[in-house]
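Enquirer: Model the following, please.
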Amino acid sequence: MLGEERPHIIGFFSLRWKAVIVLSLILVVVNASLAFLANAQSIRQFELQQAQIREQQIRHLRAMLHERTQEMSKLASLVPLLGPADAADLTDKLVKALEAHGALLDLEWDIRSVHWIEPHNAHRISWPEGTPELPPELLTRLAESPESTFSLLSCEFGCGQYLVVPQLWKGAFAGSLILERSLADALLSFNALTGAEIAIDVDRIGHRDSAPDDARDHLGFPVITFPERSLPILRAAQASLSDAGPERDPIMIEMDQGWFEIYRIRGLAAGVNAYVINDVTAQQESIRDAWHDSLLIAVFGLLLSESLLLVIMQPPLYRLRDLAAALPLLAERRYADLRAALVPFSHLQLPRDEIDLMVETVGRLTDRMELLQQDREQAEEQLAWLADHDPLTRLMNRRRFNEDFERIVDQAARYGHQGALLFLDLDEFKDVNDLSGHQVGDALLKRVAEQLRGIAQSSDLLARLGGDEFALVLPESSPEDAIASAEAAQKAIRGITLREQGRQHRISASIGIVAFPDHGLDIPQLMANADLAMYQAKDRGRGRWHLFSSQDTSREQLNDRILWKEEIAQALREERFELYFQPIIHLATGAPCHFEALLRMRGKEGGMVFPDRFIPIAEKTGLIQNIDHWVLDQAIETLARNPGMRIAINLSANAMDDPTILSLLKQRIQRHRIAPERLSFEITESVAIDSLSSATRLMRSIQDLGCRFALDDFGSGYASYAYLRQLPVDDIKIDGAFIRDLPNNREDRIFVKAITDMAHGMDKRVIAEFVENTDILTILEEIGVDCAQGYFFSRPARLEDLR
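Expert: Predicted coordinates:
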């Protein structure tokens, strides 16, 4: 349980250190994340900056090469003009110009070589002497397009820029002038402009290895700026350079405490690429310094936060510890001590926080629990009283009565005293509840309890056993005294008058009397005898008493009723009930207008038991409702199996107060999809009049569904025109007592004639029962009765036997 002390698997660990650890973990994660994000941002910014630098360097290199080509183009138009004007031809003019100004071209214009090729290679000159051959690619293009101007970058015989310009002499194509400039100056200019080292790389496929030896010494790079600095870097990156990606994908290497970025520029010319080396040591050191600063700040912030947290948490934790030490007083119900322990917390002149709220909550909880404790003690006292008393009448209840009654009986047996038990049951108390409601019934019970208190002595035992049952024990009384007390109780109860909602309620009580020890010393047996005596008094009428006698046959009758109750219940379970049918004949046509369903029960030994034997017991024991529902189910199923048939079934008095029968009828009609007019209900005249309001409501509700209603045994009871007018019936069945002796009794004929005329005047059909011979049938036809039923036509039988 929560309140039990758990074993200390690990020792006490303060909340402050838990908070410090949790905060430290959070700060470590947060600060590390921020440091990593800052470092990543610095790296991204560096990469973006370097990407921009690379783009700019590539543009510079390509623009520089393009500008040099433009300069060579301008120079190509000037070279022929340097020769004498009286030259025999353009070739002679170019030779003399180169002899006179060749050094100027080399020094001023960085022209490494000049070539002249006449059409079809008729004559060819090169300056200076010993100049390497022209690249085969250039010669091929020249042969294909001798009169076109084009430039070429080639490292076939040392890297150089070539410009081919066609020349005219006297208006005709005289040959092609070819100028060559070395790439070294261009790369030095690139280095001076950008600060980056650059090396030219040549794809070996398609190029002859005829470069000068000194050029070949540079790791395969024909031209390279500052080789003593650049070559070690390129050697260190040699493995990565072989796997280098596309243009501008950089390679980063660390060397000699420096960082260098190397990237490739492809496509300067066919098979000619370039590697650019940028010194990024300063940027990398800046990123590293920023990373170290971030980590240092994070560690400092962590230590500072933990220190502040420890300082801030110290006072609240002391307060929490003191509060925790005081809380057990609440479980010990030491509310005053707990309030005294909470007082120091309320004197702190600081802004309120959660601990103050907790202290206030504990204070309110203390007040509440103290009130609950007081309420609980009061409730326990009340429960102890309720365990022994009836809350409505404030009399003893059955439990307490049985305990005290047993004590009184024991004393009577021990000392030889006589005593008596009066068992009271209010007559027709249910009608009061039904008519005026339970509040009126409760008020009436209180009045009865007050009257019984008035006649009971201080030594007597008075209790309400439940419902409308009361018990009065007279410890030392003779049967005569008990009878006198019973009569006094009846007189007091009869004097109760209660007016409510325009009704005046009077009440009486039936009283059963038993004497002890004459009628037994066993409490259950005495109570059973008193109950039996009370029912015998009730059978004699309202407001009677009966003194129990061991010679009474009531117990045998009760046992017989119990046996029949079990027999009926077992017959329902084993489906030993059956419906017999007797036709009701339309006298005008001689055809059955419908069949009356009559209930039979097969006994355990197979014999047939008629309704007059088991229906009264079923009504007393409450099983009549089950029988009503069974009959309704079977009748509707029979109608469903026989489409042309009409059936009438009898309703018991219990059906008038059965709240489920109407819904059951609707459900069964809908389920079997039968026409409601094929089903009729019969109710006896006495049942209808005794429950006039409820019977009228039920009859109208059933008629609204489309079913018919017949008033059975008419004439045996009130036979009142007023009642007949109030009851919504379609048929009137004249009681058989007026039919059996119809040929011999003139008064019966007059009565039947009067009923028939009255019913026809009210547009109701008349049915005669117990028609047993032709004479009766003839008289009924003369009187004008509509239908007849009796042994003359058919005895009740199973449906298959009627067919």
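Enquirer: Helices along the stretch 651-800 of the chain, start to end?
Expert: When assigned using DSSP state H, counting those that start in this stretch, the helices of the stretch 651-800 of the chain occupy the ranges 661-672, 685-690, 692-705, 721-726, 746-761, 774-783, 799-802.
Enquirer: now, of those helices, which is deepest in the fold?
Expert: Mean neighbour counts were compared across those using mean count of other CB atoms under 10 Å; the top stretch is helix 685-690, at a mean of 20. C-beta coordinates here come from the backbone N, C-alpha and C atoms, glycine included.
Enquirer: average pLDDT across it?
Expert: Confidence for helix 685-690, expressed as mean pLDDT, is 74.
Enquirer: what's that helix packed up against?
Expert: Packed against helix 685-690, as judged by 3 or more CB pairs under 8 Å, 6 or more residues apart in numbering; DSSP states H and E, are the following elements: strand 708-714, helix 721-726.
Enquirer: Going by mean pLDDT, which of the ones you listed comes out lowest?
Expert: When I compare the helices and strands packed on helix 685-690, helix 721-726 is least confident, with a mean of 72.
Enquirer: returning to what we had before: quick one, which of the helices and strands packed on helix 685-690 gets closest to residue 286.
Expert: For the helices and strands packed on helix 685-690, distance to residue 286 was read as CB to CB. The smallest value, 108.1 Å, belongs to strand 708-714.
Enquirer: Can you work out which other helices and strands pack against that closest one?
Expert: By contact count (3+ CB pairs under 8 Å, 6+ apart), the secondary structure elements abutting strand 708-714 are strand 647-650, strand 679-684, helix 685-690, helix 692-705, strand 731-734.
Enquirer: Including distance to residue 424, could the ones you listed go into CSV?
Expert: Written out in CSV, the entries for the helices and strands packed on strand 708-714 read as follows (distance: least, CB to CB, whole Å):
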stretch, distance to residue 424
strand 647-650, 36
strand 679-684, 33
helix 685-690, 25
helix 692-705, 28
strand 731-734, 42
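Enquirer: coming back round to it: which among the helices and strands packed on helix 685-690 is found nearest to residue 572?
Expert: strand 708-714 (24.0 Å).
Enquirer: Centre of the chain to the closest one, how far?
Expert: Centroid displacement of strand 708-714 relative to its chain, using CA atoms, centre = their mean, to the nearest Å, is 56 Å.
Enquirer: partners of that strand, with directions?
Expert: strand 679-684 (parallel), strand 731-734 (parallel) (DSSP bridges).
Enquirer: Would you mind listing the outside residues contacting it?
Expert: With CB atoms under 8 Å, 6 or more residues apart in numbering as the test, strand 708-714 has contacts from 648, 650, 677, 679-686, 688, 699, 702-703, 724, 727-735, 755, 767.
Enquirer: Separate out the buried members of those.
Expert: Buried by 16 or more other CB atoms under 10 Å: 648, 650, 679-685, 688, 699, 702-703, 724, 727, 729-735, 755, 767, out of these.
Enquirer: the bottom helix or strand of the protein by mean pLDDT?
Expert: helix 213-216 (a mean of 42; mean pLDDT, DSSP states H and E).
Enquirer: That one: what's the following helix or strand?
Expert: Along the chain past helix 213-216, the next helix or strand (assigned with DSSP states H and E) turns out to be strand 223-224.
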